[in-house]
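S.K.: Model the following, please.
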Amino acid sequence: MQNVYLVGFMGAGKTAVGQVLAGRLDRVFFDMDKAIEARAGMPISEIFATRGEAAFRMAEDDEVEMTTDRKGLVVATGGGAFTSRRNRQLIHGSGGVSVFLDPPWETIRRRLAGATSSRPKWVDDVQARGLYDARMPTYLMATVHIDLAGDEDPNETADRIVDALEEITCGS
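M.R.: A predicted model of the protein is given here:
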């Protein structure tokens, strides 16, 4: 049973959709950011502040690798995890399916308004938009692209992912 990896920018809905999707597919939900925080014993913002981004990325890489050793997961990746070539290779090489959740920029901006303290890669709207634009080409390398209007609830998005996964499995 191949793992499903939800990828996309921060605020795309990976965690909310992943929890619903895991229930729909009768799989275990795995939130990479929560796992990293649990292992480090501190929030991601504190990891960035005390250990630096490089240490966080190493922990993120380790989590990707660990998930590829398991089966039957729905994984909510961190916003930058899929931008690593090694992580993309691990995900796809293990038979995992990457699903890019792609809401409009304005939806992401609205969802994360005021989140600068908990999102170390979100300094301000201008900087974040630059990061979003820079990451977009790698997100588009995902196996499945779920283009969102921005007003869907997690149930609706999970339904669309299930349909897309069935298409892949059936070869339609």
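
S.K.: was I right about L101 contacting V17?
M.R.: Yes - contact status for L101 versus V17: in contact at 6.3 Å, counting by C-beta atoms under 8 Å. (Each C-beta comes from the backbone N, C-alpha and C, glycine too.)

S.K.: intersection of neighbour lists for those two?
M.R.: Common contacts of L101 and V17 (C-beta atoms under 8 Å, 6 or more residues apart in numbering): 6, 157.

S.K.: residues in contact with the nearest residue to S84 once chain neighbours are set aside?
M.R.: Computed as C-beta to C-beta, 6 or more residues apart in numbering, the closest residue to S84 that is not its neighbour in sequence is D61, at 6.4 Å. Under the criterion of C-beta under 8 Å, 6+ apart, the neighbours of D61 are 81, 84, 86-87.

S.K.: quick one: the helices in the protein?
M.R.: Across the chain, reading from the start of the chain, the helices by DSSP state H fall at 14-25, 32-40, 44-51, 53-68, 85-93, 105-111, 125-139, 154-170.

S.K.: Out of the ones you listed, flag the one nearest Q2.
M.R.: helix 154-170 (9.0 Å; C-beta to C-beta).

S.K.: who touches E152 in this structure?
M.R.: If a contact means C-beta under 8 Å, 6+ apart, then E152 has R160 as its contacts.

S.K.: What is the neighbour count of A38?
M.R.: A38 is flanked by 10 other residues according to other C-beta atoms under 10 Å.

S.K.: Touching, R129 and P104? I think so.
M.R.: No - applying C-beta under 8 Å as the test, R129 and P104 come out as separate, 12.0 Å apart.

S.K.: May I see the buried residues of stretch 154-162?
M.R.: Judged by neighbour count using 16 or more other C-beta atoms under 10 Å, the buried positions of stretch 154-162 are 157-158, 160-161.

S.K.: same deal with stretch 54-69?
M.R.: Buried residues in stretch 54-69, defined by neighbour count with 16+ other C-beta under 10 Å: 56-57, 59-60, 63-64, 67-68.

S.K.: where does this structure dip in pLDDT?
M.R.: Across the chain, the stretches falling below the confidence threshold (pLDDT under 70) are 114-125, 171-172.

S.K.: Have a look at it and report its longest strand.
M.R.: Using DSSP state E, we find that the single longest strand of the chain is strand 97-102.

S.K.: Which other helices and strands does it contact?
M.R.: If you count contacts as 3 or more C-beta pairs under 8 Å, 6 or more residues apart in numbering; DSSP states H and E, strand 97-102 packs onto strand 4-7, helix 85-93, strand 144-147, helix 154-170.
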